[in-house]
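Student: Sequence first, predicted coordinates after that:
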Amino acid sequence: MIRLGWSRTALKGAWEQPGGRRGLLLLALIVIVALVGPAFLPDPASQPDLIRGALLPPGFGHPFGTDQLSRDVLSRVVHGARISLSVALLAVALSATLGCLVGMVAGYFGGWTDAVLMRLVDGALAIPRLFILLLLIAVWDHIPLAALIVVLGATGWFGTSRLVRAEVLRLREQEYVGAAVALGAPRRRIILRHLFPNALAPVLVASTLAVGDVILIEAGLSFLGLGIRPPTPSWGAMILDARSTLFTAPWTGAFPGLAIVITVVAVNLVGESLRDALDPRRL
Amino acid sequence: MRAPLWLVRVGLVAFPSLVPLLTRSPQAQGVPADHGTIVIAVGTLATLPVPTVITGRWNQDVSDLLFLKLARLGPELATGGDKRFVPQLAKSWTRRDSLTLVFDLDPRARWHDGTPVTSRDVVFTFRRTLEPGVDPQRALLLRYLASVTEEGPQRVVFRFSRAYSEQLYDAVYHVQPLPAHLADSIPYARFATSSFAQHPIGNGPYKWVALVPGQRLELVANPDFFLGAPKLDRVVFVEARDPEAQLNLVLSGTADALENVVPVTNIPRVAENPSFRMLQVPSFTVSYLLFNQLSRSDRSLPHPILADSLVRLAIALALDRATLVKNVFGDYGAVPYGPVAILSWVRDPKVKPLAQDTARARALLRSRGWVDTNSDGILERNGVPLVLDLNYPVTSAPRKQMALGIQEQLRRIGIKVELVGMEGAAWNEARNRHDFDIDFSSVGLDPSPAGLIQSWSCEGLSGTNVGGYCDPRVDSLLNQGIFARKDALPIWRRAVQQIEQDVPAVFIYAPIYAFAVHRRYAHVNIRPEGWWAALGEWSVTPGQQLERDRASP
Amino acid sequence: MPGWLFSRLLQAAATLAAAIVVLFFLMRLAPGDPLAQLAGERQMSLQEVEVLRARYGLDQPLTSQFSAFVRGVIRGDLGTSISQRRPVTRILAERLPATLLLGGTVLVLNFTIGIWLGVLQARRKGSRADRWLSTLSLTGYATPSFWLGLILVWLVAVRWHWFPAGGMVDPLRSGESGLPRMLDVAHHLVLPVLTLTIVSMAVTMRHQRTAMLEVLGADFVRTARAKGLDEGPVIWRHAWRNALFPIITLFGLWLPVLVTGSVFVEGVFAWPGLGSLSQEAISGRDYPLLMGTALLVSFTVVLGNVLADLAYFYLDPRVRR
């Protein structure tokens, strides 16, 4: 089966590159901390002492200090990792699915379907993503988390669809498809067996990189006050909360910011090494 | 093509040294030693500071510098009677009878184009303000004003339909006269976009120079101002929407003053800067958690949870208001008693609001049938969980922070609060639509307690009383207060006390604003009812002028 | 050529039209109401809101509002801003130069320094310089622009007083023009440009590096080298021209960034451009202003793509058919 072998090759290839190895290790560390950490840390919403416990510098009881409401910053950063990562992963999964679907349909059927779909994609691409997000989120009074994920996913598939369509077009011309059709294989099977796994490689790379983008976008939206609602911790929202105390109590904003940088760097390292590993010239 | 990276680097570093050298402004001759300029950092720049089309405090602040009222409040901010006001456009007034006030305008008063201010201007502006659809809010406040007429060019006669102690207040406080000779030919519908509105001609201590929207608004002193020419020759308002940007304008020396240093953690950063002085300005603002006592879906039915006055009382008791205020405002806030501002003359400093008592709060809820049957930490009654939405505008950082504290304190007695942060427009819309459980409201009150009618009486139900609160005892007390000939104070206080006991809202904070002002200014006076209105009295201490003070306007 | 160009322009117009329709109906769905924002400070009663609503024509059905708008656009009138009570076109015209200045400078820096660094990385592939630059550019890309902006403001403007902390000009030097004013603006421009450039340069560098690497391995380059040409012309005349294509695409994609001017950076630095304007317009539910801004942005995106295609056309003889 092409599929299993292909993904194993991809990961192995990524691992073999220095950047990829670092990225994978870093990402694994972040994921482990996000999954396991919350069990050992205090409730991120708890406000033990509003008058004397607020804005404490990093120290024994609070490795990352406390914020304006005396909440533990480490706990919030770790819980925030969970939120940011799951939002990004789910949103990107949605984008990838939508992009693949649309791209495949457009690329395979061609003609009017292709023209209409790609025109729509062009139209959507004409409006900057942040703008659409700002407008869509403004429609919602207080956007629930699920809706935020859907909105993020629904605005990120346009590029992927173009990519998939291009791959489909390219592969369509190749010999083995012609051979399969000549041998009488049904259309669906051709797509699934031959086109789908091969088009998946660039999508995987693009999606991995997109995770980093979504983390940044979600942080940006939360920073504008539009994303994840309090008291759910989100790194962008933490920076927003910390904005007023960034200089008097820098730990409140420094740690979430660093968390974003490290996570996005890790994701990008993995994504880029995947891309190099899946480079058709090396397979 | 060797991209000269080194040149770019050099350029970036060289800029700071080159710019000051090349942009030195010319030294001016003959500027008196106590004159100067002031640059004020504000959150929102005025866009239309013209009477009858003013919206928002920022426009009112600038309008106060351009347009005078007939008289202004005295230092005690009293609103009753005829005596405790300070003449401005009107140099004196007399009372003909219990329904008639006569104002004599100061003959020295002039519009910025030189024309004298006459009674025609006053009459015109009142007529314009009371036209239907122009300003329903002010029309409501002036409902007992029967007529405003001219008696000669310098005399205006106000006739009221009923006798009450705040007739003079109503005559002078709400309306700033416009120049009839320039404005009366412009129909109201086109007034906001007219050339007059873009370059207003007023009669105040400052004259309009220019507005660059979103950036800067500039005013220049009126040297012929009849109450004394200002010593600060230029006033420039600079906009920075973001509190950090505002602060940076001040700390980097671009701005000389900042209204409302927020949040409170930034105050030490300014205070420790030796060039600046912090001033505490108590406010007319009161913020409260307003309970919706009617059902959100059907206003004819009571709210399933909050119609119960004991539940509301339990919520009030569960909150440690003093701690919340201390956490968010430090020393720059107080817990109000009832919907009364710190500065209101009605305020009784001896009365204290309820202290936190979580045991009693829990007992009250239990007595009303709220029990945690499934141990999830949230109380239920008949299968309905005690979950309430708390609406607040995300643009208000103090309310946002305090909402988190409130959420946590109520969680401890088993009430789940969902924080619903909305954009300012959406939040206001939801409020007006009665689509809230608890609304975190913040209101700038008028100096007169008569304003309580709008939000806390049964009469106000069709207007700004969006919580559905109605207690006839309060209505009767408020009306008694308005028409009391003397000793109105105990009546107002009883009304406030009754409101506090009914718990239509938890009155949670009254901010004291922190202003940062450069030390070189003298005669600094920030009026609580109009922060910058007294800029005409400010000056620069001789010997401390900066370069910007010496540049001629 | 004209045939191809004509159909391309037609496509562009269709795209723009689709974008307009989507935007219009998206915004009307918002529960907030522009008048509520006006009422913000005073918490107006419902009657007052109704009066103003009628005045602005917001009580008409959606379809007639839309057709009124389209007619206005054709006339060149984008309506009146509800929060500022001035024509939208004038507001956009006022804020556009600031954004163009910011975005344009970032673009120029990106496509000069970014390209040069990308080529440098490709030429020295695998070396320490290459790895360092990759790390730095990746870190810059991963840094949230608003966070970086805040840090820069604090360090450079507040602590060290090298550059102003915000705004576009010194508020006191309003009467200036010519060279002093230009220098003043430049002085204020440095920090926002630095923030945006750091964050965005990574993409340019990376694309250029990849494209250059592909080209450097190509046959024609080896031929040029074999012919004994100097390294300089090989790189810049032969190789680079071909590596330009992804950059041209990037340029087309960058134009919307140019116009939106980074909502975040403009907010942090109080830079009076379209980015901060759009955010204000959204939270104020100022429909006319929002539509105008969105229109302008979409127009520039479409324009950018058309320009990019034109550039492709002239650079690549294969496209000329």
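Tutor: In hand now; what should we look at?

Student: ok, the nearest residue to B:Ala484 once chain neighbours are set aside - contacts?
Tutor: Nearest residue to B:Ala484, sequence neighbours excluded (Cβ to Cβ, 6 or more residues apart in numbering or on different chains): B:Ile491, at 5.6 Å. Every residue, glycine included, has its C-beta placed from N, CA and C. B:Ile491 is in contact with B:477, B:480-481, B:484, counting by Cβ atoms under 8 Å, 6 or more residues apart in numbering or on different chains.

Student: Return the members of those classed as buried.
Tutor: B:477, B:481, B:484 (16 or more other Cβ atoms under 10 Å in any protein chain shown).

Student: can you list those residues in a markdown table and add secondary structure and pLDDT?
Tutor: Shown next, in a markdown table, are these (DSSP: H, G, I helix; E, B strand; the rest coil; pLDDT from 0 to 100):
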| residue | secondary structure | pLDDT |
| --- | --- | --- |
| B:Leu477 | helix | 93 |
| B:Gly481 | helix | 90 |
| B:Ala484 | coil | 86 |
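
Student: Tell me the one among those residues nearest to chain A.
Tutor: Among the buried ones among the contacts of B:Ile491, B:Leu477 lies closest to chain A (Cβ to the nearest Cβ), at 36.0 Å.

Student: Give me the nearest residue to the closest one, chain neighbours excluded.
Tutor: Excluding the flanking residues, the one nearest B:Leu477 by Cβ to Cβ, 6+ apart is B:Ala495, at 3.8 Å.

Student: check contacts around the closest residue to B:Arg162 other than its chain neighbours.
Tutor: Once flanking residues are discounted, B:Arg162 sits nearest to B:Tyr144: 5.0 Å by Cβ to Cβ, 6+ apart. B:Tyr144 makes contacts with B:160-162, B:164, B:167, B:170, as judged by Cβ under 8 Å, 6+ apart.

Student: From the residues you listed, which land in strands?
Tutor: B:Phe160 (DSSP state E).

Student: JSON lines for the contacts of B:Tyr144, including neighbour count and pLDDT?
Tutor: Output for the contacts of B:Tyr144, formatted as JSON lines (neighbours: other Cβ atoms under 10 Å in any protein chain shown; pLDDT from 0 to 100):
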{"residue": "B:Phe160", "neighbour count": "19", "pLDDT": "95"}
{"residue": "B:Ser161", "neighbour count": "10", "pLDDT": "95"}
{"residue": "B:Arg162", "neighbour count": "13", "pLDDT": "93"}
{"residue": "B:Tyr164", "neighbour count": "20", "pLDDT": "90"}
{"residue": "B:Gln167", "neighbour count": "23", "pLDDT": "93"}
{"residue": "B:Asp170", "neighbour count": "22", "pLDDT": "93"}
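
Student: just the contacts of B:Tyr144 now: which is nearest chain C?
Tutor: B:Asp170 (17.5 Å).

Student: How is the closest residue to A:Leu120 other than its chain neighbours assigned, secondary-structure-wise?
Tutor: Take A:Leu120 and drop its neighbours on the chain: the residue closest to it by Cβ to Cβ, 6+ apart is C:Ala18, 7.0 Å away. Put simply, C:Ala18 is helix when judged by DSSP: H, G, I helix; E, B strand; the rest coil.

Student: correct me, but C:Ala18 touches A:Val116?
Tutor: No - the criterion here is Cβ atoms under 8 Å, and C:Ala18 misses it with A:Val116 at 10.6 Å.

Student: ok, back up a step: so which strand or helix has the residue nearest to B:Leu477?
Tutor: According to DSSP states H and E, B:Ala495 maps onto helix B:488-502.

Student: How about B:Gln409?
Tutor: helix B:397-411.

Student: Helix or strand with the lowest mean pLDDT in the chain?
Tutor: Using chain A here. Ranked by mean pLDDT, DSSP states H and E, the weakest helix or strand in chain A is helix A:187-190, scoring a mean of 63.

Student: I was after chain C.
Tutor: Per mean pLDDT, DSSP H and E, helix C:34-39 ranks last in chain C, at a mean of 47.

Student: okay, and the common contacts of C:Ala18 and A:Val116?
Tutor: Counting by Cβ under 8 Å, 6+ apart, nothing touches both C:Ala18 and A:Val116.
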